[in-house]
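Engineer: Here is the input, now give the coordinates:
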Amino acid sequence: MELEKRGHKVISTDLIDRGFGQGNVDFLKVKAIPEGCTCILTNPPYKFTGEFVAHALELLPENGEAIFLLNVLAGQARFKRFYSKGFLSDVYLFIKRIKCAKNGDFDQTKSSAVNYAWFVFRKGYKGSTLLHWI
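Structural biologist: Sure thing, here's the model as predicted:
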C-alpha cells in the first residue's frame, strides 16, 4: 500500500491468503513475472532465503532488482550460498530494531532482539556492496 501511495504499480502475492493481494501463490513455483516488472520486493521465509534470491534473479531482466527484508545473520554458510556470488549491490541496515509482527498484529508484538536490513540484489551487478544506515 505504501508503494502504491507513492505511484508504483504493485502486484502483491503471498503463500498464505492474508486478505491482501493474491493468496495461495508459491513464489518458488512462479514461472514468469509480469511484463515490464523490474523489481521483486519481499520478506521471505528466512530458511528459504537462498532459494528466493536465486529464483528472483532468474525471473528478473538484466539490471532488475530483488529486494529482501532479512535478519542480519552473517556466517560462512550464508556468505558462500548467496553473498559471494555477486549481485548484492546495497544493504540498508536499520539503526533501530524494528518490529516484525506475525499477520500484522503490531499491537501485540514486542520489539525484537534481531537486527534487520533491506538487501538489494541487482541482476548482473559485479561491484562492491554498499552499506547504508537507515
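Engineer: could you measure residue 11 against residue 72, distance?
Structural biologist: 28 Å (Cβ to Cβ, to the nearest Å). Where you see a C-beta, it was placed from the backbone N, CA and C, and this is true even at glycine.
Engineer: all helices in this protein, in order from the N-terminus.
Structural biologist: Using DSSP state H, the helices found in the chain span residues 2-5, 49-59, 76-78.
Engineer: which of those helices sits most buried?
Structural biologist: Each of those was given a mean neighbour count from mean count of other Cβ atoms under 10 Å, and the largest, a mean of 19, is that of helix 49-59.
Engineer: Summarise which helices and strands that helix is packed against.
Structural biologist: Counting contacts by 3 or more Cβ pairs under 8 Å, 6 or more residues apart in numbering; DSSP states H and E, helix 49-59 packs against strand 39-42, strand 65-71, strand 116-122.
Engineer: Now do the last one against helix 49-59, angle only.
Structural biologist: So the one you mean is strand 116-122. 30 degrees (axes from the mean of the first three to the mean of the last three Cα atoms, to 10 degrees).
Engineer: for the second one, same thing?
Structural biologist: Interaxial angle, strand 65-71 versus helix 49-59 (the same axes, to 10 degrees): 170 degrees.
Engineer: show me what contacts residue 122?
Structural biologist: Contact analysis of residue 122 by Cβ atoms under 8 Å, 6 or more residues apart in numbering lists 63, 64, 65, 66, 87, 89.
Engineer: what pairs with the residue nearest the centre of the chain across the strands?
Structural biologist: Nearest residue to the geometric centre of the chain (Cα atoms, centre = their mean): residue 68, 1.6 Å. Counting by DSSP bridges, residue 68 forms beta bridges with residue 42, residue 119.
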